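In: predicted model follows, preceded by the sequence.
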Amino acid sequence: MSELSTAITMSGGAEIPRYGYGTFKIDDDRAQAAVETALATGYRLVDTAVGYQNEVGVGRAIAASGLKREDVFLTSKTWDHGYDEVRRNLRESLERLGTDYLDLYLLHWPRPAVDKYVESFQALLDARAEGLIRSAGVSNFTIEHLARVESETGAAPELNQVELHPYFSQPELRAYHDEHGIVTESWGPLALRGGGLFDEPVVQAVAEARGRTVAQVVLRWNLQRGNVVIPKSETPERIRENWEVLDFALTDEDLAKIDALDTGNRQGGDPLDVN
Ligand SMILES: NC(=O)c1ccc[n+]([C@@H]2O[C@H](COP(=O)([O-])OP(=O)(O)OC[C@H]3O[C@@H](n4cnc5c(N)ncnc54)[C@H](OP(=O)(O)O)[C@@H]3O)[C@@H](O)[C@H]2O)c1
């Protein structure tokens, strides 16, 4: 597959770029510079969250970039659950980001022990109807959570942002997404730079054969598996390195070798435990 579409149309009709920039662990005072570098490099999707505490810096970077608001796809997430709490969180995020709409708003985690994710998602659907957000999604939802949301609200989330990298490629969840028209977005696409993925001989061999870095190969694998991918780096050289993944392709054989690294083990939090 040498050509990738640059955007995917979600079930609500909005388009999401295939590739974007993550901002977890970038503090507010450093977020403006990092996001400005990403936007200058070419990224047009920026992923933030209330919990990252950097929405002010992200908003300033977009304003300073000279880009039109509609040329940047902006995602944020609410940690709080409950209909009114989600509505309040959204208003506050819009204010911090200095914008009057989000392209995508997500419930950050299902928080099953709180058991309010259905009414929380209903708040997103209503915000979408009012034009405050262009698309309504979730993050870290399991098949069970997705099925319940769809059966109780009548609408499947447009997108589910989940941990997804070669060690944890989530084939069952991705198949469910495909059946229900849910876009898969991969967080931690570099396995949070953990678990030894960068030292895997298979990945190193593919990188050498394609004349690319290990990070580029891992990110390209994720894109060719059909996902929206949002790597994070605060390092300008790596921000640029990670952007250079759209002009080469892995072969089916490369993809299969990397698929075989799946251990089924997460590097990050478990959706059933995070509350
Ligand atoms: N929904 C959720 O629950 C959730 C959870 C986690 C993350 N996310 C989102 O997904 C984004 C990406 O996930 P992530 O930040 O956890 O992990 P990641 O993108 O897999 O990895 C980030 C780490 O890799 C390093 N790195 C980046 N590019 C590199 C390169 N080319 N070579 C070597 N090291 C490199 C970064 O270091 P430097 O920054 O020092 O360069 C950082 O330590 C987040 O920023 C966030 O927007 C969402």
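Out: Yep, it's here.

In: list the contacts of Ala207.
Out: 213-214, 216-217 (Cβ atoms under 8 Å, 6 or more residues apart in numbering). The C-beta positions use only the backbone N, C-alpha and C, and glycine is treated the same way.

In: same thing but 10 Å
Out: 198, 200, 213-218, 220, 254 (Cβ atoms under 10 Å, 6 or more residues apart in numbering).

In: for the nearest residue to Leu197 once chain neighbours are set aside, grab the count of nearby residues.
Out: Spatially, and ignoring its direct neighbours in sequence, Leu197 is nearest to Ala191 (4.3 Å; Cβ to Cβ, 6 or more residues apart in numbering). Number of residues near Ala191 (other Cβ atoms under 10 Å) recorded here: 22.

In: how much space between Ala191 and Trp79?
Out: Distance, Ala191 to Trp79, by Cβ to Cβ, to the nearest Å: 23 Å.

In: so which residue of this protein comes closest to the ligand?
Out: As assessed by Cβ to the nearest ligand atom, the ligand sits closest to Gly22 within the chain, at 2.4 Å.

In: can you pull the phi/psi pair for that residue?
Out: Dihedral angles of Gly22 (phi, psi; degrees, to the nearest 10) stand at phi -90, psi 150.

In: what does the protein put close to the ligand?
Out: Residues of the chain lying close to the ligand by Cβ under 6 Å from any ligand atom are 22-24, 47, 108, 139-140, 161, 187-193, 215, 230-235, 238, 241-242, 268.

In: any idea which helix or strand carries Asp126?
Out: helix 117-129 (DSSP states H and E).

In: try Ile258
Out: Counting by DSSP H and E, Ile258 is part of helix 252-259.

In: buried ones in that helix?
Out: Neighbour counts over helix 252-259 (16 or more other Cβ atoms under 10 Å) mark 254-255, 257-258 as buried.

In: tell me the one of the contacts of Ala207 nearest Gly42?
Out: Gln216 (14.6 Å; Cβ to Cβ).

In: which SS class is that closest one?
Out: helix (DSSP: H, G, I helix; E, B strand; the rest coil).

In: quick revisit: now, which of the residues of the chain next to the ligand lie within helices?
Out: If you go by DSSP state H, those have 215, 238, 241-242 in helices.

In: about what we covered before: can you tell me which of the residues of the chain next to the ligand are buried?
Out: Buried among those (16+ other Cβ under 10 Å): 22-23, 47, 108, 139-140, 161, 187-192, 215, 230-234, 241-242, 268.

In: ok, the residue located most distally from the centre of the chain - contacts?
Out: Seen from the C-alpha centroid of the chain, the residue lying at the greatest distance (Cα atoms, centre = their mean) is Ala209, 28.5 Å away. Contacts for Ala209 (Cβ under 10 Å, 6+ apart) come out as 217, 250-251, 253-254.

In: any idea of the pLDDT on it?
Out: Reading off the confidence values, Ala209 has pLDDT 97.

In: and what of the one 10 residues further on?
Out: Looking at Leu219, its pLDDT is 98.

In: before we move on, what about the one 3 residues further on?
Out: Per-residue pLDDT puts Asn222 at 98.

In: ok so it is a helix residue?
Out: Yes: counting by three-state DSSP, Asn222 is part of a helix.

In: and it, how close does it get to Thr235?
Out: 20 Å.

In: all helices of this structure, in order?
Out: Using DSSP H, helices in the chain cover 28-41, 55-64, 83-97, 117-129, 143-153, 171-179, 201-210, 214-224, 236-243, 252-259.

In: relative to helix 83-97, how tilted is the fourth one?
Out: On the basis of axes from the mean of the first three to the mean of the last three Cα atoms, to 10 degrees, helix 117-129 is oriented at 50 degrees to helix 83-97.

In: quick one: average pLDDT of helix 117-129?
Out: 98.

In: ditto for the third one
Out: Mean pLDDT, taken over the full extent of helix 83-97, equals 98.

In: kindly export it (C-alpha atoms) in PDB.
Out: Output in PDB follows, covering the C-alpha atoms of helix 83-97 (Å, rounded to 0.1, in the frame of the first residue of the first chain):
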ATOM      1  CA  TYR A  83     -24.500  14.900  31.800                       C
ATOM      2  CA  ASP A  84     -24.100  18.300  33.400                       C
ATOM      3  CA  GLU A  85     -20.400  17.800  34.300                       C
ATOM      4  CA  VAL A  86     -19.500  16.900  30.700                       C
ATOM      5  CA  ARG A  87     -21.400  20.000  29.400                       C
ATOM      6  CA  ARG A  88     -19.500  22.200  31.900                       C
ATOM      7  CA  ASN A  89     -16.200  20.600  31.100                       C
ATOM      8  CA  LEU A  90     -16.800  21.200  27.400                       C
ATOM      9  CA  ARG A  91     -17.500  24.900  28.000                       C
ATOM     10  CA  GLU A  92     -14.400  25.300  30.100                       C
ATOM     11  CA  SER A  93     -12.200  23.500  27.400                       C
ATOM     12  CA  LEU A  94     -13.500  25.800  24.700                       C
ATOM     13  CA  GLU A  95     -12.700  28.800  26.800                       C
ATOM     14  CA  ARG A  96      -9.100  27.600  27.600                       C
ATOM     15  CA  LEU A  97      -8.500  26.600  24.000                       C
END
